[in-house]
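[1] Quick one, fold the following:
(one chain, ligands or ions: 2)
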Amino acid sequence: MLKEVLRDLADVLFPPRCQSCRTVPEKLINDLFCPACEEKIRYIRTPLCPACGVPFADSEGSDHLCGDCLMAPKPFVVARSVATFDGILLEAIHAFKYHNKTGMGTGLGRMMTGDSYTGMDIQGYTMIMPVPLHIRRLRERGFNQSLLLAKALSEGYAIPLDFLSLRRERDTPPQTTMGRKERQANIKGAFDVADKERVRNQHVLLIDDVYTTGSTLAECTRVLLNSGAAQVGVLTLARAVKDV
Ligand SMILES: [Zn+2]
Ligand SMILES: [Zn+2]
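    Ligands and ions are numbered 1, 2, ... in the order given. Predicted coordinates:
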């Protein structure tokens, strides 16, 4: 009873605002955005690359492998993302990661749970794993954004969460200004599996906030497969897309 009164009081004093336009709408979608802002999110729909999930600019036509996957197939079986990494979703992810808005993790994770993904059967996975942060980065930021998303997904889909087996052994310089080749070299050997028994024969769903070139996710996948995982799929909240 007291709890409810306090909650109502808090809602009056600090009404939940849209994370983008800061208005107080009648309802917030996923506790994040007002309906008008939510509509601006560009959800990824077909046509897309069935392997890495990149959407194609031309909304006509059917799914087909992208040039990138034709040239160099990815080690993960499939990758999908909720929406493109731009506009209000980009701002929300920046606020979440760099301005300590950890409370947004549940809503952003719910965005990932609420969507459906062509060509990806999430219930077929036996383990959910976030891309780990190096301990130094974790101390700086105070939390691993991918773990918060993975937690929400693990609860939403009732699939066990494992955030200890895959570890980041080596801290690597930020990759934001690097090209694909540089990223691959930068990330090589950065990950390790602490307990190989735990990942053996598992169907691992690897979670990250943003898929950029896929180098980090590919490297994590290689390490998991080398440690005996049966297969690895990738799910990210956002997808960096060059020209759509
Ligand atoms: Zn809004
Ligand atoms: Zn592709």
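
[2] pLDDT below threshold where in this structure?
    Residues of the chain meeting the criterion pLDDT under 70: 243-244.

[3] Kindly report the residues of it close to ligand 1.
    Within the chain, the residues that sit near ligand 1 (CB under 5 Å from the ion) are 18, 20-21, 34, 37. Every residue, glycine included, has its C-beta placed from N, CA and C.

[4] Buried ones among the residues you listed?
    Buried residues within those, counting neighbours by 16 or more other CB atoms under 10 Å: 18, 20, 34, 37.

[5] Okay, and which of these map to strands?
    When DSSP state E is applied, those are split such that none fall in strands.

[6] Among those, which one lies nearest to residue 97?
    residue 20 (16.0 Å; CB to CB).

[7] now, the most widely separated pair of the residues of the chain next to ligand 1?
    Based on CB to CB, the longest span within the residues of the chain next to ligand 1 runs between 20 and 34 and measures 7.6 Å.

[8] ok so, going back, from the residues of the chain next to ligand 1, pick the one nearest residue 137.
    If you rank the residues of the chain next to ligand 1 by distance to residue 137 using CB to CB, residue 20 comes first, at 26.9 Å.

[9] OK, contacts around residue 90?
    residue 238 (CB atoms under 8 Å, 6 or more residues apart in numbering).

[10] cool, residue 29 as well?
    Residues near residue 29 by CB under 8 Å, 6+ apart: 35, 38.

[11] From residue 130, how far off is it?
    For residue 29, the distance to residue 130 equals 24 Å [CB to CB, to the nearest Å].

[12] Up against ligand 2, what does this structure have?
    Within the chain, the positions lying close to ligand 2 (CB under 5 Å from the ion) are 49, 51-52, 66, 69.

[13] and the residues you listed as TSV, adding neighbour count and distance to residue 184?
    TSV is the format used below for the residues of the chain next to ligand 2 (neighbours: other CB atoms under 10 Å; distance: CB to CB, whole Å):
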residue	neighbour count	distance to residue 184
49	21	19
51	20	17
52	24	15
66	17	17
69	18	15
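
[14] Which of these fall in helices?
    Counting by DSSP state H, the residues of the chain next to ligand 2 place residue 69 in helices.

[15] which stretches of this structure form helices?
    Counting by DSSP H, the helices of the chain are 2-13, 35-38, 67-71, 87-98, 104-114, 135-141, 145-157, 180-187, 196-199, 215-226.

[16] Fine by me, we can end here.
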